[in-house]
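fold the stuff below for me.
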Amino acid sequence: MPKRVLIVLTSHGVLGDTGRPTGFYVSEAAEPWDVLTAAGHAVDLASVAGGAPPRDGEDRADPVQRRFLDDGRVRAALAATPRVADVDAARYDAVFFAGGHGTMWDFPGDPAVGALIRAVDERGGVVAAVCHGPAALVGATRRDGTPFVAGRRVAAFTDAEEAAVGLADVVPFPLAGRLRALGAEHVAADAFAAHVVRDGRLVTGQNPASARGVAEAVSDLLGGWTPVAGPDGPLDVFVARPAGVGPFPSVLVAPELFGADEHIRDVVRRVASLGYVAAAPDFHHRAEPRAALPYGDAGRARGFALLRRLTRDGVVADAAATLAALRARPDTTDRAGMLGFSVGGHLALLAAARLDLAAVAALYPSFLTDPTLPLNAGTPTLASLPAIKGRALVLFGGADEILRAEERDRIIAALAASGPDHEAVVLPDAPHGFFCDARPSYAPAAAAEAWSRITALLAGLDS
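Next comes the predicted model:
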């Protein structure tokens, strides 16, 4: 299921004794909402007192703020936010405290805010805050009563920035100084420069310019759609990572012709749960970005049309770009593998023949010899199998109505003759698509055996 994030807003609307208005800083809610919803996460809003929270810094000339404020779901949510005290923390994988000066008055002393932080953290979730949002961390404690931020690296609006906006004598306390007094290491950058600090599953940002970066770090920890530098522009990749610090090996996941649908995204999450940073590139991005086609005749027809748009060089370049982005992360090793289903199995074998992959698993790989496909232009992918350097696992269904026995036997013979370290397994009575639990062809016993073999193969990436 998609991960769920709660953005918490202040309910305090007056700057101390000045009578001047304040509230939540709109960009510090709009930027996270934009990033996290684009990544496929479900995002809810709440406020300390509930109802319609006061706003500050609203700028409708900013397209991100305009999209946020004009979205029907957001308008309805902002009109009647639930109180933090009434929120079920167990529903959320992350909590994000947006800033705005109002937070300095109601975040630190609200026991429900502290309880929410502890509950999300103890469930292994992500706690994030930006600008004055880290005021929420001031009143939060661990179960043993020690400050939540003690011994943690954090960013927050600095004393220099507070002085620059003329509110150092208005706010009830200096935020950076209070966090330091609680045992945190406050890490500052130049005034008003974007600055994000990650300390495990705690992500904080210094100022409004940092809001998008904090949200991107949260999305990275949760997993979700994220752009990487592709061969001909941005390439969307669905990413999930395991809990912990790492570093972890990487695993690419290639879908059937239906695209990176919820089933494939769930496979990415399952692979991540084994201890790998897993990623599914959007191989259809040139023709139909983020295609997620329905199972059935209409989806299959559209999928075949998209399949005929895939080229060998384009697929390999997309896989290479995704690998480069994964290997550039601080939480990964250089070891990588790939997993693919049907057409995706074809893509996985093709990539393994061209790229540095230590392991590849292909389930019912299809169309390796079809001369009408651009993927087989010149020489069929079947002829590329001798170039595979890593260990290969190829799984077939004994009752596959698409990948018929004669084609299966050609693949098995080519693997045997070409010499890559491999294992070819035929699972009796299993049809095409036996691994997909969203299709009528799902075969639980065959899927369980396949997953066991895939798990054993990927374990070799740790060596």
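
only C-alpha atoms from now on, for both contacts and neighbour counts.
OK.

distance of residue 245 relative to residue 379?
Applying CA to CA, to the nearest Å, the value for residue 245 to residue 379 is 43 Å.

who does the strand ranked longest in the chain pair up with?
Longest strand in the chain, counting residues (DSSP state E): strand 332-341. Strand 332-341 sits in its sheet next to strand 248-254 (parallel), strand 359-363 (parallel), going by DSSP bridges.

quick one: contacts of the longest one?
So that's strand 248-254. For strand 248-254, the external contacting residues (CA atoms under 8 Å, 6 or more residues apart in numbering) are 260, 264, 267-268, 271, 275-281, 319, 323, 326-327, 331-341, 344-345, 347-348, 461-462.

circling back: can you lay out the strands paired with strand 332-341 as CSV showing mean pLDDT and mean neighbour count?
Converted to CSV, the strands paired with strand 332-341 look like this (pLDDT from 0 to 100; neighbours: other CA atoms under 10 Å):
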stretch, mean pLDDT, mean neighbour count
strand 248-254, 97, 27
strand 359-363, 98, 28
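
any chance of those strands in TSV, with distance to residue 234 too?
Below are the strands paired with strand 332-341 laid out as TSV (distance: least, CA to CA, whole Å):
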stretch	distance to residue 234
strand 248-254	17
strand 359-363	25
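
quick one, domains of the protein?
4-219, 224-462 (automatic domain parsing).

mean confidence (pLDDT) on the longest strand of the chain, please.
What strand 332-341 shows for mean pLDDT is 97.

CA atoms of it as PDB?
Extracted in PDB, the C-alpha atoms of strand 332-341 (Å, rounded to 0.1, in the frame of the first residue of the first chain):
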ATOM      1  CA  THR A 332      24.300   1.800  -1.300                       C
ATOM      2  CA  THR A 333      27.200  -0.400  -2.300                       C
ATOM      3  CA  ASP A 334      28.400  -1.000  -5.800                       C
ATOM      4  CA  ARG A 335      26.800  -4.500  -5.900                       C
ATOM      5  CA  ALA A 336      23.600  -4.700  -7.900                       C
ATOM      6  CA  GLY A 337      21.100  -7.100  -9.300                       C
ATOM      7  CA  MET A 338      18.000  -7.100 -11.400                       C
ATOM      8  CA  LEU A 339      14.600  -8.900 -11.300                       C
ATOM      9  CA  GLY A 340      12.100  -8.900 -14.100                       C
ATOM     10  CA  PHE A 341       8.700 -10.400 -15.100                       C
END
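
does residue 365 touch residue 350 like I think?
No. Applying CA atoms under 8 Å, one finds residue 365 not in contact with residue 350, separated by 10.4 Å.

what sits up against the longest strand of the chain?
By CA under 8 Å, 6+ apart, strand 332-341 touches 246-256, 277, 323, 326-327, 345-348, 352, 356-365, 433, 458, 461-462.

and the contacts of strand 248-254, which are buried?
260, 264, 267-268, 271, 275-281, 319, 323, 326-327, 331-341, 344-345, 347-348, 461 (16 or more other CA atoms under 10 Å).

end to end, how far does stretch 304-315 reach?
Span of stretch 304-315 from end to end, CA to CA: 16 Å.
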